[in-house]
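Asker: this one's structure only:
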């Protein structure tokens, strides 16, 4: 379910998230072993704009399945409560 929810809210995330939140999410997801160091570097280094980084990050998390999406949502709620509220997300 969480993966479908993120998929539906993908555009809002891409258009609204800031660079600081992306970096915080990357750190949290790396710590949780949801993404690898290689994934993190790909998001940070291979994309020029914040929107491109956001797009790659959310697609990466959605591709990892519902459990990863739940952790992503939890971290997003902690790191950027305003964006989480805008997306209609809350911690499970």
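Answerer: Cool, the structure landed. Bear in mind that the values here come from a model prediction, so they are computed numbers and not experimental data.

Asker: So for stretch 10-25, mean pLDDT?
Answerer: Averaging pLDDT along stretch 10-25 gives 97.

Asker: neighbouring contacts of that stretch?
Answerer: Residues external to stretch 10-25 that are found in contact with it (CB atoms under 8 Å, 6 or more residues apart in numbering): 6, 43-44, 50-51, 53-55, 57-59, 62, 72, 75-76, 79-80, 83, 86-87. C-beta here means a position set from N, CA and C on the backbone, and glycine is covered the same way.

Asker: Ramachandran coordinates for residue 48?
Answerer: Per-residue torsions, residue 48: phi -80, psi -40 (degrees, to the nearest 10).

Asker: and the contacts of stretch 10-25, which of them are in helices?
Answerer: 6, 43-44, 50-51, 53-55, 57-59, 62, 72, 75-76, 79, 83, 86 (DSSP state H).

Asker: Mind giving me the ChimeraX command for buried ones among the contacts of stretch 10-25?
Answerer: Buried residues within those, by 16 or more other CB atoms under 10 Å, are selected in ChimeraX with:
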select :6,43,50,53,54,55,57,58,62,72,75,76,79,80,83,87
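
Asker: What separation do you get for residue 51 and residue 33?
Answerer: Distance of residue 51 to residue 33, given as CB to CB, to the nearest Å: 26 Å.

Asker: do residue 89 as well
Answerer: To residue 33, residue 89 is 22 Å away according to CB to CB.

Asker: pretty sure residue 43 is touching residue 59, no?
Answerer: No: Residue 43 is beyond contact range of residue 59, at 10.0 Å (criterion: CB atoms under 8 Å).

Asker: Contacts only, for residue 3.
Answerer: For residue 3, the contacting residues are 62, 65, 66, 69, taking CB under 8 Å, 6+ apart as the criterion.

Asker: of those, buried ones?
Answerer: Under a neighbour-count criterion of 16+ other CB under 10 Å, the subset of these counted as buried comprises 62, 69.
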